[in-house]
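S.K.: just a sequence and a predicted model for now, questions to come.
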Amino acid sequence: MASLALALRRSVAGAFLSSPQLGRQYAPRASFSPKTCTREGQIIIASSSRSFASVTGVVYEPPAKDGDETNAAPPQVTLFTKEGCTLCDKVKDILYELKDEIPHGLAQIDITDEENRATYFAKYKYDIPVLHMNGQYWVKHRTTLEEAREGLMQATREGSSFEARPGEPNAEAKEH
């Protein structure tokens, strides 16, 4: 039984999360403490606490302009996410696929970071991924390649006048 607990501890503590297209790896910090029950051969996990590294930061920047000041700035997409969000990874992959076709930047905000809990976690905790385009609500849950292409093209045309779409989630308002 001790070897099973050790194997479990190693598999949790040694896990790495990655996105092959982005070439980033995040090593979660984890602790694992199994408790055994009184019957031989059974393990009960009585407590487990996991804290992961923040995923807040720039994923990629738009390409630098070559002295052409006439074009508007490329759209900036903000992804509201948290560690381990597989739908968020799919959205990132779709946006990454379009980054050369429709230049844009992508940043992500971890809604579980302490400084974001009162605002973004309270609003988006049930609805990630949530995407903003040029600071305005754009879409939640998922997007297709074609929907992302259309949104990025619209934001490229409209620039800072890109208008928020209806339906922005607000879990805190629904809970009160």
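M.R.: On my side now, so go ahead.

S.K.: so the residue nearest to residue 170 when sequence neighbours are not counted: helix, strand or coil?
M.R.: In space, and not counting its chain neighbours, residue 170 is closest to residue 123: 5.0 Å by CB to CB, 6 or more residues apart in numbering. For the C-beta atoms, the positions are set from N, CA and C on the backbone; glycine is no exception. Secondary structure of residue 123, reduced to three states by DSSP: H, G, I helix; E, B strand; the rest coil: helix.

S.K.: how close does residue 123 sit to residue 91?
M.R.: Distance, residue 123 to residue 91, using CB to CB, to the nearest Å: 18 Å.

S.K.: show me which of the two is the more surrounded one.
M.R.: residue 91 (26 against 20; other CB atoms under 10 Å).

S.K.: can you report phi and psi for the more buried one?
M.R.: With angles defined as degrees, to the nearest 10, residue 91 sits at phi -60, psi -40.

S.K.: backbone dihedrals for the closest residue to residue 72 other than its chain neighbours, both of them.
M.R.: Leaving aside its sequence neighbours, residue 72 sits nearest to residue 159 (CB to CB, 6+ apart; 4.3 Å). Main-chain dihedrals, residue 159, degrees, to the nearest 10: phi 60, psi -130.

S.K.: and residue 109, by the same measure?
M.R.: Per degrees, to the nearest 10, the backbone of residue 109 is at phi -120, psi 120.

S.K.: what sits against it?
M.R.: 56, 78-81, 116, 120 (CB atoms under 8 Å, 6 or more residues apart in numbering).

S.K.: so what pairs up with it in the strands?
M.R.: On the basis of DSSP bridges, residue 109 is bridged to residue 80.

S.K.: which stretches of this structure form strands?
M.R.: All strands of the chain, identified by DSSP state E, fall at 17-19, 24-26, 29-36, 43-51, 57-60, 76-81, 105-110, 130-133, 136-140.

S.K.: where among these is the average confidence lowest?
M.R.: Among the strands of the chain, strand 29-36 carries the lowest mean pLDDT, at a mean of 36.

S.K.: name the residues of stretch 73-89 that are buried.
M.R.: 74-83, 85, 88-89 (16 or more other CB atoms under 10 Å).
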